[in-house]
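S.K.: got a predicted structure plus its sequence, pasted below:
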Amino acid sequence: MSDFLEKIKKGMNIPEENIDKEISLEDSAFKDISSPDEEPEIALTASKKEGALKVKKAKKSPAPKKEEKPSLFEAEGELTADVFETEKNIVIQSAVAGVDSDELDIIIEKDMVSISGRRERQFEENVENYYSKECWWGKFSKEIILPCEVDASKAEAVMKNGILTITIPKISREKNKKLNIKEIE
């Protein structure tokens, strides 16, 4: 087995004098550009005896926590919604539990409905050990392309038990329209 490892080392063109040398990340081209003043957290050591590259983490004191600042480019979640039609309406339903109706914006344009809002976190303490993190907190939105023409002026939005229901009447266009002929004398 040791002959095999020796062949691999020779094939990699690793000079013998560099095998027991510690490699520092400061010497490498892979420095962390985002934080040049911080020391590297990993030291690499090659051992001739074991024929392998070992990775050791250098001990470092934890960095001070930075204060959260609102970002202009804050991540935005996508709202889930059901869209269906009845004989006279297009209906959109979405679960928006925990969101005040004042925090919701609904815009109906020609063939699209845009829903956006913000869900504020109720528990403000810094929690470090989450067991599960599935809820979306912060901005969210959803754009829905409508399947037919609608009358936006008659649309209604109702929120009950955390479910937002938007009802938009369809514009009925008769395919064939019979014209009455007037006689002029």
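M.R.: Thanks, I have it. Numbers count the residues shown, from 1 in each chain.

S.K.: pull out the buried residues from stretch 104-115.
M.R.: 104, 108, 113, 115 (16 or more other CB atoms under 10 Å). Backbone N, C-alpha and C define where each C-beta goes, glycine included.

S.K.: just flag the most distant two among the residues you listed.
M.R.: The span of those, defined through CB to CB, is set by Leu104 and Ile108 at 13.3 Å.

S.K.: what residue spans form the domains of the chain?
M.R.: As assigned by automatic domain parsing, the chain contains the domains 2-57, 77-121+137-169.

S.K.: mean confidence score for the first one?
M.R.: So the one you mean is domain 2-57. Confidence for domain 2-57, expressed as mean pLDDT, is 52.

S.K.: for stretch 130-144, give the mean pLDDT please.
M.R.: 85.

S.K.: straight-line length of it, end to end?
M.R.: 33 Å (CA to CA, to the nearest Å).

S.K.: next one: stretch 89-102
M.R.: Stretch 89-102: ends 25 Å apart by CA to CA.

S.K.: right, and Ile163 touches Val91 too?
M.R.: No: counting by CB atoms under 8 Å, Ile163 sits too far from Val91 to count as a contact (11.5 Å).
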